[in-house]
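[1] here you go, sequence then predicted model.
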Amino acid sequence: MFKDGPRPQEKHKKKSAPTDASDFGFMPDADPAYNAQALQKAVNAYETVTVSVPGVYNIAGSIRLPSDTHLFFAQGVVLRRSALKDKLSEGNLFVNEGAFTGVYNENISVSGAHIVVNGVESAAISSDDDAKTILQTPNVVNGLRGHIAFLYVKNIRIKNVLITDLFSKDYGIQVSDFEDVCIENVHIEGLKDGVHFGPGRQFVLRNGKFRTGDDAIALNCADYSVSNPNFGTICDGRIENCTELPGADSALFIRILVGTAREWTKGMTVRHSDAVRTQNGMYRVVMRADDASYVSETEPCFEETCKELDGILWVKTHIGYAKQEIPLTAGCRNILFRNIMLENPRKRAVMIYRNDDAYLHSWYPGSEMPQVKNIRFENVQALKPIDQFLCIGTPVENVVTIGGNIDEYVYG
């Protein structure tokens with residue numbers, strides 16, 4: 001299910017004539033915090049902002065993009081993240097305004113962003129962090145951990161992105177709760193996911209090069225509670241002309257992770273990452289990933305970001321959704337993968353599954369099975385041996401392979 005009906009848009013009264021960010025003081029030799037403030041002022045005031053002066057721009061903090069923002073970086077412009085003294089204030093480098101309010105943004109484009117991560121990441125939660133403290137930080141949206149990150153958006157264009165030093169927590173590009181997204185001409189390397197999709201519909205990812213320690217491309221309808229901001233179906237997408245660069249040691253090239261949530265009932269047992277729907281929305285458990293079980297006696301119905309009830313830390317998700325719009329299943333359908341080149345030997349290239357470990361138990365006995373259907377692979381070429389091209393761990397309907405050479409590899 002998707003958020004339907006009229007979608008309010010966050011709008012700024014902005015000038016339609018283009019401007020250069022240098023007019024606001026955004027310059028290679030400027031202070032990192034000043035650069036962030038200058039670029040923020042530019043995108044708040046103008047629809048089209050160009051950064052035309054070549055050089056390395058140090059930036060400390062986040063840039064929040066309003067609706068009707070078109071941001072262009074010229075060749076030779078490098079954006080290097082700089083650490084803030086308060087690490088909990090680190091956010092995504094680029095994020096839309098509505099990610100923090102649940103109000104949709106539309107008509108945003110980012111083109112030409114060459115990002116140097118420089119070891120700086122958002123305050124994404126790991127199992128060893130103080131989750132409650134982090135969740136109450138104004139710059140943090142739980143599970144939104146892309147350097148370029150969009151949540152609650154429509155009509156998004158991301159083009160010509162280069163990132164080669166992903167660190168241990170943050171993804172290169174992340175979009176969730178979206179409609180009509182196009183990502184093209186991206187080159188992403190490092191330790192984490194390259195392009196990470198949460199729930200949404202109508203998207204294209206084309207012309208991508210990846211060398212990542214985690215998934216190159218993730219379609220995670222359900223995910224760990226700290227890895228996706230929301231939970232729901234991904235559908236009607238096309239991923240084409242994407243290449244795995246030699247030397248990658250990634251977990252998977254493509255991951256499709258599905259699952260279910262439950263209606264909350266008094267006395268129910270929950271574990272880390274469990275999702276429950278209540279009279280007031282959806283809430284997820286954020287605890288240590290140690291497979292411990294907790295008994296929920298108090299229904300989570302709060303409006304705050306997070307709250308501890310019965311010794312369980314809950315985070316509120318699906319901000320702005322009416323109860324009837326909140327899904328209990330998170331499936332995947334109508335996805336085309338075309339012209340994919342796999343350059344490295346590996347155990348598995350693609351997984352379509354429900355997770356069952358300490359990080360996420362994504363299906364509950366008796367729950368409706370998440371729907372996975374119409375997954376199509378055209379001209380996928382494995383240039384090195386693969387033990388299993390496709391590993392399936394959930395019921396699927398109509399998975400097709402055409403062309404390429406992957407039929408010679410084991411399916412399971």
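    All right, it came through fine.

[2] how much space separates residue 50 from residue 42?
    In this structure, residue 50 lies at 9 Å from residue 42, with C-beta to C-beta, to the nearest Å as the measure. All C-beta atoms are positioned from the backbone trio N, CA, C, and that covers glycine.

[3] and what of residue 208?
    The gap separating residue 208 from residue 42 is 28 Å, by C-beta to C-beta.

[4] next one: residue 211
    Relative to residue 42, residue 211 is positioned 33 Å away (criterion: C-beta to C-beta).

[5] just residue 399 next, same as before
    Residue 399 sits 46 Å away from residue 42, taking C-beta to C-beta as the criterion.

[6] verify the stated contact: residue 55 with residue 75.
    No: taking contacts as C-beta atoms under 8 Å, residue 55 lies outside contact range of residue 75: 11.6 Å.

[7] buried set for the longest helix anywhere in the chain?
    With residue count as the measure and DSSP state H as the assignment, the chain has helix 32-45 as its longest helix. For helix 32-45, a neighbour-count test (16 or more other C-beta atoms under 10 Å) marks 32, 34-45 as buried.

[8] same check on stretch 85-92?
    Quick answer for stretch 85-92 (16+ other C-beta under 10 Å): 88-92.

[9] now for residue 382: which residues touch it?
    Counting by C-beta atoms under 8 Å, 6 or more residues apart in numbering, residue 382 makes contact with 342, 349, 389, 404-406, 409.

[10] just those now: which is nearest residue 378?
    Top of the list for closeness to residue 378, among the contacts of residue 382 and by C-beta to C-beta, is residue 404 at 7.3 Å.

[11] please list all residues in contact with that closest one.
    For residue 404, the contact set (C-beta under 8 Å, 6+ apart) comprises 340, 377-382.

[12] same list (those residues) but as JSON lines, adding distance to residue 253.
    Compiled in JSON lines, these are given as follows (distance: C-beta to C-beta, whole Å):
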{"residue": "340", "distance to residue 253": "8"}
{"residue": "377", "distance to residue 253": "12"}
{"residue": "378", "distance to residue 253": "15"}
{"residue": "379", "distance to residue 253": "15"}
{"residue": "380", "distance to residue 253": "10"}
{"residue": "381", "distance to residue 253": "12"}
{"residue": "382", "distance to residue 253": "10"}
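
[13] now, which of those lie within strands?
    The subset of the contacts of residue 404 located in strands under the criterion DSSP state E comprises 340, 377-382.

[14] please convert the buried members of the residues you listed into ChimeraX selection syntax.
    In ChimeraX, a selection of the buried entries from these looks like this (16+ other C-beta under 10 Å):
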select :340,377,379,380,382
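
[15] pLDDT and distance to residue 307 for the ones in strands among the contacts of residue 404 - can I get that in CSV?
    Formatted as CSV, the entries for those read as follows, by pLDDT from 0 to 100; distance: C-beta to C-beta, whole Å:
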residue, pLDDT, distance to residue 307
340, 97, 43
377, 97, 44
378, 97, 47
379, 96, 50
380, 96, 45
381, 94, 50
382, 92, 48
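
[16] just flag the most distant two among the ones in strands among the contacts of residue 404.
    Using C-beta to C-beta, the pair of these lying farthest apart is 378 and 382, separated by 14.1 Å.

[17] so where is this structure shaky, pLDDT-wise?
    Under the criterion of pLDDT under 70, the regions of the chain flagged as low confidence span 1-12, 126-129, 409-412.

[18] quick one, helices of it?
    Secondary structure of the chain, counting by DSSP H: helices at 32-45, 131-135.

[19] now the last one: buried residues?
    Put plainly, it is helix 131-135. Judged by neighbour count using 16+ other C-beta under 10 Å, the buried positions of helix 131-135 are 131, 134-135.

[20] residues near the closest residue to residue 74 other than its chain neighbours, how many?
    The shortest distance from residue 74 to any residue that is not its chain neighbour, by C-beta to C-beta, 6 or more residues apart in numbering, is 4.7 Å, and that residue is residue 52. If you count neighbours by other C-beta atoms under 10 Å, residue 52 ends up with 13.

[21] pretty sure residue 52 is touching residue 23, no?
    No: here residue 52 does not reach residue 23: they are 10.5 Å apart, not a contact under C-beta under 8 Å.

[22] the residue nearest to residue 168 when sequence neighbours are not counted: neighbour count?
    What sits nearest to residue 168 in space, not counting adjacent residues and going by C-beta to C-beta, 6+ apart, is residue 191, at 5.3 Å. Burial measure for residue 191: 16 neighbouring residues, criterion other C-beta under 10 Å.

[23] ok, residue 191 - contacts?
    Taking C-beta under 8 Å, 6+ apart as the definition, contacts of residue 191 comprise 166-168, 212-214.

[24] mind giving me the PyMOL select for these, buried ones only?
    A single PyMOL command suffices to select whichever of those are buried according to 16+ other C-beta under 10 Å:
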select buried, resi 166+167+212+213+214
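
[25] can you list the contacts of residue 191 in TSV and add distance to residue 111?
    Converted to TSV, the contacts of residue 191 look like this (distance: C-beta to C-beta, whole Å):
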residue	distance to residue 111
166	20
167	24
168	28
212	22
213	26
214	25
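
[26] in strands, which of the contacts of residue 191 fall?
    Secondary structure defined by DSSP E assigns 166, 212 of the contacts of residue 191 to strands.

[27] mind listing the strands for the stretch 301-412 of the chain?
    Under the criterion DSSP state E, counting those that start in this stretch, the stretch 301-412 of the chain contains strands at 306-309, 312-317, 329-330, 332-342, 346-354, 372-382, 386-393, 397-402, 410-411.

[28] please name whichever of those is nearest to residue 252.
    The nearest among those, by C-beta to C-beta, is strand 346-354 at 5.6 Å.

[29] what lies in contact with that closest one?
    Residues from elsewhere that reach strand 346-354, judged by C-beta under 8 Å, 6+ apart: 222, 250, 252-259, 332, 342, 362-363, 370, 372, 375, 377, 382, 384, 386-394, 396, 399, 406.

[30] so how do I select the buried members of the residues you listed in ChimeraX?
    The buried subset of the contacts of strand 346-354, as determined by 16+ other C-beta under 10 Å, is captured in ChimeraX by this line:
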select :222,250,252,253,254,255,256,257,258,259,332,342,362,363,370,372,375,377,382,386,388,389,390,391,392,394,396,399,406
